[in-house]
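>>> I need the structure of the sequence given here:
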Amino acid sequence: MKKWLPWIIVAAALAVCIAFSSALPVKETGFAWQAFGRIPVLANGRKQPLESLARNALLQLTGKVSAISSTATKGPDKQRIIPATEWLAEVMFQPEIAETRPVFLIDNPDLKQMLGLPVEPDAVTQADGRHFSYQQIQPKIEDLEEQAKQIKAREDKAKLSREQEANPPEEKNTETPYDQAVGRLLKQMGIFWSMENIVQPRITDVIRALKAAPPPQDPEELARLQEFLKQVEQTKPQDAVDWKREMNEYLDNTEAGRKAFLSYRDGKPYSEKALTSFRRDVVRLEAMRTKGQALIIPPADPSKNPDGWRGTGEALMEAGAGVTPHPALHAYAEMDDAFRGGHTAEFNQAVKDYLTQLEPQFGGILAKCEHEQFFNRLDPFSNAEIIYVAVGLFGICFWFAPVTGEWLRRTAVGLCLLALVIHTGGLIFRMVLEGRPPVTNLYSAAVFIGWAACVLGLVLETVWRNSIGVIVSSIIGFSTLLIAYHLAVGGDTMEMMRAVLDTNFWLSTHVVIVTLGYASTYFAGFLAIIYVVRGVFTKSLDVPLRQALTKMIYAIICFATLFSFVGTVLGGIWADQSWGRFWGWDPKENGALIIVIWNVLILHARMGGLVRERGLANLAIFGNVVTTWSFFGTNMLGVGLHSYGRTDEELVNLLAFIASQLVLILIGALPLSLWRSFSTPSVKLPAGARTA
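Model prediction:
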């Protein structure tokens, strides 16, 4: 039975992954959310399905890819999970309902107190103390904006003060957790507002935000804003109530409105009613054009203008100027009308008709959107993350029964192979969707490091069958995928590349190779952690295991040295092509060089006899610090040509990780008499133990 048990467990794990990943589409009996979610839009510089737009927005609002109807745990308003696409339909077509959904995640107690929100869970109101609706926040929006102004003024004053000093101190981030929470909430509200204005005008709060925001620095932009706000005061635009009717009335009256405007401009007699209505509609449409908004109206001729996607407001303004209204405008109006009325069949038919209309010209984009939907349902990295946990558990259990528990090790190896297959499938799927190599940003770098660690661990396991390789694979694989999930909260992980990075050749060579150097340096560091932990806290670090671990660490560091060096050299060549110099002492460039120097230092110290087994392990652990600083820390400086990642939010986690590695090094430096594996008389101390 034990012979087949590992394969049975692996097969069961695969079956569970397929069942929970929703890889197969579910037959829908109500609204056709899968078809609606397949509709293509242009957002973050790429064409993507509405489903991905909704998932990315919710990740930034709640940290999850679904919404909740309420925070109530019982009663008529009992909480239900709202899929991302359904939530987006509410925001687009029935925003007054969407504004009651608790999708804003607020953890800062001072901010909650300022907004008048429950700081702790409340059994009476059934508030969970963390999730709040736009409706709850809305009464305090002006206070929130005033707080943001004060924070900005304080930062500007501090910056000016530093500039006026003869020897200004090094610039530091002075934002408090409260300041960061205010900025984060305003950003989330901006995302919510842009979603509300995708199809129909929902402009009341947007206009107030424009009035409250600091004025633009550019004179022309400032003049346009002032003229727009002047028109707002004159026309008093309102939110849409019945968008299908209102849009059709606007299209029917555009000719009369345009004539009235031209007559007014030329000093001729005009219809006051037509002019007033036309002006009000133009102001409403102009207000819909929020920054970073998704563009849902495709180009009329994609062969001539493939990137000519527009927002609803812009398309309607063009129609007001005499251009034939785009059919997509009527399609979305039909969806809006059917959804508001709860007419499932009419909504589904409108979605189907629109997709059929897009098929001749946008068949390739529709196919890509369908593939991306499948990728979202498959969710390979979450599945791999769970399997890595199982790999670690079976591998550790093998350590307690190395003689009779060989089936545990084989199960760990089988599960690790399954995780690698799923992880690899996810990487390849992303590469096909993006049309890019595997590493394009911090998110994909974290995913790739976990994949590389899995490969390295399985290679080591074929040589040293002690489950150490797969355990390290599980630790790094799980950790990096967890980090990737939190990085995804920052927005679309497949966003358009920055111009300087928009080259698949260098992304395939420099970035991939140097990231393999990162991954292998981490792998050596975690092997060293196992050496220290098992040596200090257990009696299991016998001579054969100690020698095996030392050989593993040394071999991986050799691998890391090669790839980090070659990757850094290739980065210099790319820098010369991009910026006209091979080296500029940029923080990221320095970080890459430090990794090379540190790995070379370890090899020289080992070959020169300066360190032995224990010294090698401690140096490898510090390699985790060096790599983490070079990989993440340099992005937090906010300076240099490579500061592409987020800055402040991960600083605490970064410092905590570095502190943990320093603690492990201190433990590893304890006298061998305090190591349990060396305190047993039967264990012979290694030669040179006092200096190791």
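
>>> shaky segments in the stretch 401-550 of the chain?
Within the stretch 401-550 of the chain, the stretches with pLDDT under 70 are 496-502.

>>> ramachandran angles for residue 262?
The phi and psi torsions at residue 262 (degrees, to the nearest 10) take the values phi -70, psi -40.

>>> begin at 41 from here
From this message on, residue numbering opens at 41, which makes the last subject residue 302.

>>> which pLDDT does the model give it?
On the pLDDT scale, residue 302 is placed at 79.

>>> tell me, how many residues neighbour it?
When neighbours are defined as other C-beta atoms under 10 Å, residue 302 has 12 of them. The way it works is simple: take the backbone N, C-alpha and C, and place the C-beta from them, glycine included.

>>> what of the one 5 residues further on?
Around residue 307 there are 7 other residues, counting by other C-beta under 10 Å.

>>> same check on residue 326?
The burial count assigned to residue 326 is 18, neighbours taken as other C-beta under 10 Å.

>>> so how far is the first residue of stretch 412-427 from its last?
Using C-alpha to C-alpha, to the nearest Å, the end-to-end distance of stretch 412-427 comes to 23 Å.

>>> just confirm residue 450 is within a helix.
Yes - under DSSP: H, G, I helix; E, B strand; the rest coil, residue 450 sits within a helix.

>>> which residue packs closest to it, ignoring adjacent ones?
residue 46 (4.4 Å; C-beta to C-beta, 6 or more residues apart in numbering).

>>> my guess is the one you found meets residue 458, correct?
No - when contacts are counted by C-beta atoms under 8 Å, residue 46 is not listed as touching residue 458 (10.9 Å).

>>> thinking again about what came up before, give the buried residues for the helix or strand where the residue nearest to residue 450 lies.
Assigned by DSSP states H and E, residue 46 belongs to helix 45-61. Residues 46, 49-50, 53-54, 57, 61 are the ones in helix 45-61 that count as buried (16 or more other C-beta atoms under 10 Å).

>>> so what does that helix touch, helix or strand wise?
For helix 45-61, the packing partners by 3 or more C-beta pairs under 8 Å, 6 or more residues apart in numbering; DSSP states H and E come out as helix 420-440, helix 446-474.

>>> compare those helices and give me the one nearest residue 337.
Counting by C-beta to C-beta, residue 337 lies closest to helix 446-474 out of the helices and strands packed on helix 45-61; the figure is 22.9 Å.

>>> quick one: the closest one to chain centroid distance?
Put simply, helix 446-474 sits 22 Å off its chain's centre (C-alpha atoms, centre = their mean, to the nearest Å).

>>> which helix or strand lies directly C-terminal to that helix?
Following helix 446-474 in sequence, per DSSP H and E, is helix 482-503.

>>> just want the angle from the helix or strand just after that next one to helix 420-440.
For helix 482-503, the following helix or strand on the C-terminal side (DSSP H and E) is helix 508-528. Orientation of helix 508-528 against helix 420-440 (axes from the mean of the first three to the mean of the last three C-alpha atoms, to 10 degrees) gives an angle of 150 degrees.

>>> same for helix 508-528, what does it pack against?
If you count contacts as 3+ C-beta pairs under 8 Å, 6+ apart, helix 508-528 packs onto helix 420-440, helix 446-474, helix 482-503, helix 552-577, helix 583-619.

>>> so where's this structure shaky on pLDDT?
Where the chain drops to pLDDT under 70, the residues are 41, 62-65, 202-214, 251-253, 536-542, 677-689, 720-732.

>>> picking that back up, tabulate the helices and strands packed on helix 45-61 (a markdown table), appending mean neighbour count and distance to residue 551.
Converted to a markdown table, the helices and strands packed on helix 45-61 look like this (neighbours: other C-beta atoms under 10 Å; distance: least, C-beta to C-beta, whole Å):
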| stretch | mean neighbour count | distance to residue 551 |
| --- | --- | --- |
| helix 420-440 | 21 | 19 |
| helix 446-474 | 21 | 13 |
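
>>> kind regards, and thank you for your time.
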